[in-house]
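> just coords:
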């Protein structure tokens with residue numbers, strides 16, 4: 001038996017392939033199936049099994065496509081309400097993959113339909129745990145993502161209580177040497193304090209993971225609900241898409257309309273002014289010239305998360321990039337959250353009809369009251385310390401809906417923690433206010449005020 005971990009750094013997502021005696025089981029696969037096909041070919045093995053630990057909120061799974069292509073059987077909890085062909089896989093159910101036995105445990109908490117999978121050796125001894133979003137390294141799954149999505153919904157307080165019992169009644173009794181293979185690592189929004197380690201053991205987690213320590217249910221629920229990160233707009237959409245099963249990856253992205261590079265005003269004028277342009281060029285390039293109604297959401301490791309936090313499910317947008325390679329890479333990232341069909345048109349942008357006015361922050365501290373300062377960091381970040389005493393906090397994911405709260409009697413200065421979010425936020429405010437007041441991006445100069 002061999003277990004291979006696949007990592008998507010942008011979404012901090014781990015998926016797995018277990019190969020045994022010529023057969024492969026995939027656990028929580030990513031949208032693009034090709035890496036798993038390559039692995040199967042390399043091992044001269046057949047993908048026979050795909051297991052979903054729950055309908056994921058933060059990414060679109062490739063389970064349905066892989067099953068259609070390979071003939072593999074998908075296994076999920078009966079509670080998931082899956083709309084694709086599948087076999088149910090619930091408490092104490094077992095399946096064989098080659099010579100390896102996999103056993104299901106129902107572990108509600110992150111979602112009502114979550115399962116974990118115990119890997120047994122040939123003597124029936126537990127040796128591994130695919131813990132999904134139930135148990136992470138250093139943390140457990142957040143309980144607040146299924147209040148309005150999925151076949152079964154539940155209040156966060158109820159799921160937090162369920163998590164308390166799942167961890168203690170189902171997982172904490174596993175032998176210390178059982179290896180833990182979670183679905184996410186540090187940076188994921190499916191938990192709060194995940195470790196950068198990509199695996200662990202139950203023994204190590206019993207010592208170091210706060211969620212496995214001795215405490216009352218009330219203490220646990222309070223601790224779990226406090227300080228959870230924001231919920232991107234796309235999370236509920238992805239739960240439902242994964243419940244249904246997504247379209248084939250390559251077919252879906254090949255249907256995106258691409259236009260020749262936009263190089264002049266006449267070409268720019270063909271764009272619908274009511275549809276936002278997601279301009280993924282570097283901020284320095286964007287600030288030299290950009291199109292009206294553009295949001296400067298730069299290409300990077302978290303691009304898809306921020307896109308799905310700003311743009312809602314079903315909302316059309318244009319996609320602009322510096323070159324064809326970037327454009328194709330961005331489309332692949334967008335498909336990971338299931339937004340590819342919302343791209344109205346994709347194009348390389350070599351033109352802009354507006355120039356950004358740069359900001360000199362030399363005397364900002366002394367003149368702080370001369371500006372409306374907007375802090376677009378998340379609430380938890382602001383609680384750790386404000387950089388400007390009178391700053392108005394509107395987190396970036398809420399900005400489009402709350403931009404009307406910003407006073408217009410002074411020039412506006414926008415800041416975040418390092419410059420990425422402030423570039424996006426400043427462009428959103430500019431597009432919304434349409435020149436009513438000057439708007440400046442503090443950018444990386446925010447580091448001077450920490």
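Nice, I can see it. Bear in mind the structure is a predicted one, so any value in this text is a computation, not a measurement.

> and the closest residue to residue 125 other than its chain neighbours, what's its pLDDT?
Counting by C-beta to C-beta, 6 or more residues apart in numbering, residue 125 lies nearest to residue 175, which is 7.7 Å off, once chain neighbours are set aside. (Each C-beta comes from the backbone N, C-alpha and C, glycine too.) pLDDT recorded at residue 175 is 98.

> residue 175 against residue 129, yeah?
No - under the criterion of C-beta atoms under 8 Å, residue 175 makes no contact with residue 129, lying 10.1 Å away.

> which of these two has more neighbours?
residue 129 (25 against 11; other C-beta atoms under 10 Å).

> quick one: that one from residue 11, how far?
Note on residue 129: its distance to residue 11, by C-beta to C-beta, to the nearest Å, is 21 Å.

> what pLDDT does residue 292 get?
88.

> follow-up on the earlier one: show me the common contact partners of residue 175 and residue 129, please.
The overlap between the contact sets of residue 175 and residue 129 (C-beta atoms under 8 Å, 6 or more residues apart in numbering) consists of residue 202.

> quick check: the closest residue in space to residue 83 that isn't next to it in sequence vs residue 430, distance?
Nearest residue to residue 83, sequence neighbours excluded (C-beta to C-beta, 6+ apart): residue 244, at 4.8 Å. Remark: distance between residue 244 and residue 430 (C-beta to C-beta) = 38 Å.

> those two: who's more crowded?
Ranked by neighbour count (other C-beta under 10 Å), residue 244 and residue 430 place residue 430 first, with 27 against 14.

> for the host helix or strand of that one, the averaged confidence score.
Assigned by DSSP states H and E, residue 430 belongs to helix 420-433. What helix 420-433 shows for mean pLDDT is 95.

> residues in contact with it?
276, 279, 283, 286, 290, 292-298, 300, 306, 310, 374, 376-377, 396, 399-400, 403, 406, 408, 412, 414-416, 439-443, 446.

> mind running it again at 7 Å?
Residues from elsewhere that reach helix 420-433, judged by C-beta atoms under 7 Å, 6 or more residues apart in numbering: 283, 292-298, 300, 306, 376, 396, 399-400, 403, 406, 412, 414-416, 439, 441-443.

> which PyMOL command selects the buried ones in the residues you listed?
Remark: buried members of the contacts of helix 420-433, expressed as a PyMOL selection using 16 or more other C-beta atoms under 10 Å:
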select buried, resi 283+293+294+295+296+297+298+306+376+396+399+400+403+406+412+414+415+416+439+441+442+443
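
> sort out which of the contacts of helix 420-433 are in strands and list them.
294-296, 412, 414-415, 439, 441 (DSSP state E).

> just flag the most distant two among these.
Within the ones in strands among the contacts of helix 420-433, two members stand farthest from each other by C-beta to C-beta: 294 and 415, at 20.0 Å.

> where along the stretch 101-250 of the chain do the strands fall?
115-120, 126-132, 179-182, 200-201 (DSSP state E, counting those that start in this stretch).

> okay if I get the ones you listed as TSV plus mean pLDDT and distance to residue 346?
Formatted as TSV, the strands of the stretch 101-250 of the chain follow (pLDDT from 0 to 100; distance: least, C-beta to C-beta, whole Å):
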stretch	mean pLDDT	distance to residue 346
strand 115-120	98	38
strand 126-132	98	34
strand 179-182	98	34
strand 200-201	98	41
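
> what bridges to the residue lying closest to residue 94 once chain neighbours are set aside?
Excluding its sequence neighbours, the residue lying closest to residue 94 (C-beta to C-beta, 6+ apart) is residue 103, at 4.9 Å. Beta bridges link residue 103 to residue 94, residue 118, judged by DSSP bridges.

> ok, now how distant is residue 103 from residue 286?
52 Å.

> those two: which is more packed in?
When neighbours are counted by other C-beta under 10 Å, residue 286 comes out ahead of the other of residue 103 and residue 286, with 24 against 17.

> what residues are up against the residue nearest the centre of the chain?
Centroid-nearest residue in the chain, with C-alpha atoms, centre = their mean: residue 58, separated by 4.0 Å. Residues in contact with residue 58, defined by C-beta under 7 Å, 6+ apart, are 11, 188-190, 235, 238.

> need the max-distance pair from the residues you listed.
Between any two of the contacts of residue 58 (C-beta to C-beta), the greatest distance is 13.5 Å, for 188 and 238.

> count residues in the vicinity of residue 326, would you?
Counted with other C-beta under 10 Å, residue 326 comes out at 16.

> again with residue 330
22.

> on the three-state scheme, it is what?
helix (DSSP: H, G, I helix; E, B strand; the rest coil).

> that one contacts residue 297, correct?
No - Residue 330 is beyond contact range of residue 297, at 9.5 Å (criterion: C-beta atoms under 7 Å).

> overlap in contacts, those two.
With C-beta under 7 Å, 6+ apart as the test, residue 330 and residue 297 both reach 280, 303.

> nice, that's everything, thank you.
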